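K.L.:
Pasted the sequence and its predicted model underneath.
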Amino acid sequence: MIADFRVLTEFLQGHDEAEDFITEEDVQEQESRLGKPFPAALREYYKRFGRSQYITQHCNNQYEPMALDDIFVPDSEFFTTDKAFLVFYQCEESVIYCGIRFSDLTKEDPPVYLCAWNNPDWSLENESLTNFLVSKAFIQMGVEDRLPYWVIFDENMWGLSDYRSYWGLSDGAYEIRETSSLQAWRIFCKEDVILLFELAVGENEDDVLAVYLASFDRECIASLLNRTTQDRQLPDYRTNLGSSR
């Protein structure tokens, strides 16, 4: 297992079923279909997470992984100028695709590029395929109600620094730092809870549009809402824990 997948593996440990895993033979079959080798990081990702019920397709306007047998190489009708990419990720509602250059496929952890329907050129999305896959997985789990328990804070007077101070995130020890060229999220994982901050891109870096908490453990997420050592009260939120404020 590639070391950089460790935080995602540990978070999902014991939750995916045996049938959720993809075999080496499955991956090889798709490589043969496409006539292209998969980078080591992509092979490991699909074998471990490619059928995870928590990282799956049909997101609500979020980046999402394609099913293994839907990965494709652009044909002559694809809208991009450069067709030499292995396309494996998409944001379906916005017609955005993410891919890896053919020339980078032999790299263990290649960069990821992005294209959109209104721009025929590819642009760099992330220098690291592994970081891209891990970050997007946590964003999907935090935003898409994939986990049993969730909390949502809509935009309010609190900024990122307020939330980080309240939940003890100021030292950065719990952050899953996304290295995307577009810094739209800050991702943390503490006490088995995903804490996801949606940022106002291009604005003050402390401005937050929304905050999402998600967990498999009800008590863990409830404890973050009921801290008694602070002299401040959390803003109003929505939740499926049984009560909102």
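P.N.:
In hand now; what should we look at?
K.L.:
CA atoms for contacts and neighbours, from now on please.
P.N.:
Fine.
K.L.:
Partner strands of the least confident helix or strand in the chain by mean pLDDT and their direction?
P.N.:
Least confident helix or strand, the chain: strand 64-65 with a mean of 90, by mean pLDDT, DSSP states H and E. Strand pairing for strand 64-65, determined by DSSP bridges: strand 85-91 (antiparallel).
K.L.:
Flag every buried residue along stretch 129-140.
P.N.:
Residues of stretch 129-140 classed as buried by neighbour count (16 or more other CA atoms under 10 Å): 129-140.
K.L.:
correction: stretch 115-129
P.N.:
Applying a neighbour-count criterion of 16+ other CA under 10 Å, one finds 115-116, 122, 124-129 buried in stretch 115-129.
K.L.:
so where do the helices sit in the chain?
P.N.:
6-12, 24-34, 40-49, 129-143, 160-166, 218-225 (DSSP state H).
K.L.:
And the contacts of the last one?
P.N.:
Outside of helix 218-225, the residues within contact range by CA atoms under 8 Å, 6 or more residues apart in numbering are 149-150, 167, 191-193, 213-215, 234, 241.
K.L.:
Out of these, which is nearest to D75?
P.N.:
Minimum distance to D75 across those is 39.1 Å, recorded for A214 (CA to CA).
K.L.:
ok, D121 - contacts?
P.N.:
Per CA under 8 Å, 6+ apart, neighbours of D121: 80-82, 115.
K.L.:
so which of those comes closest to L12?
P.N.:
For these, the nearest to L12 is C115 (30.1 Å; CA to CA).
K.L.:
now the closest one, nearest residue through space, not along the chain?
P.N.:
W122 (4.8 Å; CA to CA, 6 or more residues apart in numbering).
K.L.:
try E175
P.N.:
F188 (4.2 Å).
K.L.:
The one you found and D69: what is the separation?
P.N.:
31 Å (CA to CA, to the nearest Å).
K.L.:
Pick out whichever of the two has more residues nearby.
P.N.:
When F188 and D69 are compared for neighbours, F188 comes out ahead with 20 against 14, by other CA atoms under 10 Å.
K.L.:
L105: how many residues sit nearby?
P.N.:
Neighbour number of L105 under other CA under 10 Å is 19.
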